[in-house]
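Student: Here's my sequence, what's the structure:
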Amino acid sequence: MLNVQAADYKQPEFTLELTITGVGVDIRLNDISIEREDFSGHSTMTYDVNESVISGINQLKVVTFPFMNKVWSEGQTKEYHEEAEVKVALYVNEQGHSDNKKMLSQIHLRPRLALEKMASESILIEGVGEVILDDKSRPLSFPVITFDKQITATRKSLPVQSNYPRWAWQDREIIKDIQENYDSLLAVYHEIYDAFKNKDRQKLLELHAPRAAEYAIAYYLGGVNAGHKFMNTGERVNDTDSKLSEFRTKNTKFDIYADGRMARIVDVAQYHPFVFLHKTMNIVHTMKFGFYKNQKGEWIMIR
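Tutor: The predicted structure follows:
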């Protein structure tokens, strides 16, 4: 099959378009979480996902679960909402030009239907197989709660070829879910926290540098400094409207993803051990950190 990206795009731009109605979801690209919602009524979103795309075949995954109750300890509602529906599509186009957009993969899931019919409305794409459904896999689990009922839908994409090198995390060893790894990664989070607390932007630039370098590659920017500017590294150091929360570890989980090659520490709300709180409005500002382990066993921030 002709590689659509190699044939048509000099600077490909990858986007994930989502429509979520009446269902909880965790939407992943190459097992990297792009969007997680526990109480979705109806929402439509578009994400730029260049940094999560790999050369070759990419895998789109949709994990659905019934709504969470307002009190976490009560768990999920018993059944899927009758209008529960998720539409997810991965597209590629020339950067800045959406008129030549092509679909690489798509999943349309109605989890209230019988298993054999749940993905029947997914678009047929030449060269892409059917959606694979699984309602028997191990439920998502966090210290406070287990998502007892879930359905996972996966689908491969058309092959893509990019000018990207292999991302640093792709060739790392599988991370083990052990206390030593949790403790050592927590120490890195504390280092980031202390840099924010001390308003040490230079330290934040240093800690974010590998991430900034890969974002610069992913979005065709001019090096690490441009990557920092793109990510607004350390912008909250001088944010007078928000304050840094206390560092907290209660009810956190060592969460391994990217098929075992990246990790983070989060709670059931997907918050890291610290967040920023708006001083006058009830708004939480959180950041996403993802880490891999290099050959020296050091945690490196990369996503």
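Student: where does this structure dip in pLDDT?
Tutor: 1-8, 40, 72-73 (pLDDT under 70).
Student: Could I get the full set of helices for it?
Tutor: Applying DSSP state H to the chain gives helices spanning 4-8, 179-197, 201-218, 224-231.
Student: Could you export the second one as PDB, CA atoms only?
Tutor: Okay, so that is helix 179-197. Taking Å, rounded to 0.1, in the frame of the first residue of the first chain, the C-alpha atoms of helix 179-197 are listed here in PDB:
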ATOM      1  CA  GLN A 179       8.000   0.400  45.200                       C
ATOM      2  CA  GLU A 180      11.600   1.300  44.300                       C
ATOM      3  CA  ASN A 181      10.400   2.800  41.000                       C
ATOM      4  CA  TYR A 182       7.500   4.700  42.600                       C
ATOM      5  CA  ASP A 183       9.900   6.100  45.200                       C
ATOM      6  CA  SER A 184      12.500   7.200  42.700                       C
ATOM      7  CA  LEU A 185      10.000   8.800  40.400                       C
ATOM      8  CA  LEU A 186       8.300  10.500  43.300                       C
ATOM      9  CA  ALA A 187      11.700  12.100  44.100                       C
ATOM     10  CA  VAL A 188      11.700  13.600  40.600                       C
ATOM     11  CA  TYR A 189       8.300  15.000  41.100                       C
ATOM     12  CA  HIS A 190       9.500  16.600  44.300                       C
ATOM     13  CA  GLU A 191      12.400  18.100  42.500                       C
ATOM     14  CA  ILE A 192      10.000  19.700  40.000                       C
ATOM     15  CA  TYR A 193       7.700  20.900  42.800                       C
ATOM     16  CA  ASP A 194      10.700  22.500  44.700                       C
ATOM     17  CA  ALA A 195      11.700  24.300  41.500                       C
ATOM     18  CA  PHE A 196       8.200  25.800  41.200                       C
ATOM     19  CA  LYS A 197       8.100  26.600  44.900                       C
END
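Student: and the closest residue to residue 222 other than its chain neighbours, how many neighbours?
Tutor: Spatial nearest neighbour of residue 222, excluding adjacent residues (C-beta to C-beta, 6 or more residues apart in numbering): residue 216 at 7.0 Å. (Glycine included, C-beta is placed from N, CA and C.) By other C-beta atoms under 10 Å, the residues close to residue 216 number 20.
Student: pretty sure residue 216 is touching residue 229, no?
Tutor: No - in this structure residue 216 lies outside contact range of residue 229 using C-beta atoms under 8 Å: 9.4 Å.
Student: wait, which of the helices of the chain is closest to residue 275?
Tutor: For the helices of the chain, proximity to residue 275 was assessed by C-beta to C-beta; helix 179-197 is nearest, at 10.4 Å.
Student: which of the residues in the closest one are buried?
Tutor: Buried residues in helix 179-197, counted by 16 or more other C-beta atoms under 10 Å: 181-182, 185-186, 188-189, 192-193, 195-196.
Student: Identify the farthest-apart pair in these.
Tutor: 181 and 196 (23.2 Å).
Student: Distance of residue 239 relative to residue 212?
Tutor: Residue 239 sits 19 Å away from residue 212 when distances are taken as C-beta to C-beta, to the nearest Å.
Student: who's more crowded, those two?
Tutor: The neighbour count for residue 239 versus residue 212, taken as other C-beta under 10 Å, is higher for residue 212 (23 against 13).
Student: Please report how far the more buried one lies from residue 167.
Tutor: Taken as C-beta to C-beta, the span from residue 212 to residue 167 is 14 Å.
Student: Surely residue 157 is in contact with residue 129?
Tutor: No - using C-beta under 8 Å, residue 157 is not in contact with residue 129, being 10.2 Å away.
Student: more neighbours, the two?
Tutor: The residue with more neighbours, out of residue 157 and residue 129, is residue 157; 24 against 10, by other C-beta under 10 Å.
Student: Give the closest residue to the more buried one in space, chain neighbours not counted.
Tutor: residue 105 (3.8 Å).
Student: Now do the same contact list for that neighbour.
Tutor: The contact partners of residue 105, by C-beta atoms under 8 Å, 6 or more residues apart in numbering, come to 58, 60, 89-90, 125, 128, 155-158.
Student: Pick the one among the residues you listed closest to residue 293.
Tutor: The closest of these, once distances to residue 293 are taken by C-beta to C-beta, is residue 58, at 23.1 Å.
Student: Provide the partner residues of residue 155 in its beta bridges.
Tutor: residue 60 (DSSP bridges).
Student: And for it, the neighbour number?
Tutor: 22.
Student: Could you measure from it over to residue 231?
Tutor: For residue 155 relative to residue 231 (C-beta to C-beta), the value is 30 Å.
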